[in-house]
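Engineer: here are the coordinates; sequence isn't available:
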């Protein structure tokens, strides 16, 4: 797996994490380490570019869930109760973690795991950056 990280400026600083290769039980720790570095650098908005990820296992889903929880803020719309309501009515999406351009196979995995219920999935880089 190859991972590159670059910083972008939307309305807020954003870490763009580009992943090339499978995200599975052999590689997920490498991705988690890069994400943790961004969090340690006080970057709390991330766009994970999945355009070159042909396969994602449940280990990749766990990384996304862990990152979602780490990035959760203290805004009123991010309380447990508000999120549960927003997930039920389809209005909640994380303002901090978003995904870019997953392949059809990875998108199917994300949907089966329900990740698309709480993370925005973008297909254009400029639109994803502008969404922050």
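Structural biologist: That came through fine. Because the structure is predicted, anything quoted here is derived from the model rather than measured.

Engineer: With residue 42 as the reference, measure out to residue 115.
Structural biologist: Here the criterion is Cβ to Cβ, to the nearest Å. By it, residue 115 lies 25 Å from residue 42. Every C-beta, even on glycine, is put in place using the N, C-alpha and C of the backbone.

Engineer: Between these two, which has more neighbouring residues?
Structural biologist: When residue 115 and residue 42 are compared for neighbours, residue 115 comes out ahead with 21 against 7, by other Cβ atoms under 10 Å.

Engineer: does residue 16 sit in a helix, a strand or a coil?
Structural biologist: Three-state call for residue 16 (DSSP: H, G, I helix; E, B strand; the rest coil): strand.

Engineer: residue contacts, it?
Structural biologist: Contacts were defined as Cβ atoms under 8 Å, 6 or more residues apart in numbering; by that measure residue 16 touches 5-8, 46-47, 49, 100, 129.

Engineer: Same question for residue 22.
Structural biologist: With Cβ under 8 Å, 6+ apart, residue 22 has these contacts: 1, 53-57.

Engineer: Quick check: of these, which lies closest to residue 86?
Structural biologist: Using Cβ to Cβ, residue 56 comes nearest to residue 86 of these, at 24.6 Å.

Engineer: Other residues contacting the worst-scoring helix or strand of the chain on mean pLDDT?
Structural biologist: Ranking every helix and strand in the chain by mean pLDDT, DSSP states H and E puts helix 80-89 at the bottom, with a mean of 76. For helix 80-89, the surrounding residues in contact (Cβ under 8 Å, 6+ apart) are 76-77, 91-92, 117-118.

Engineer: Make TSV out of these and add pLDDT and neighbour count.
Structural biologist: As requested, those are exported to TSV (pLDDT from 0 to 100; neighbours: other Cβ atoms under 10 Å):
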residue	pLDDT	neighbour count
76	66	8
77	72	12
91	75	10
92	83	17
117	89	14
118	90	16
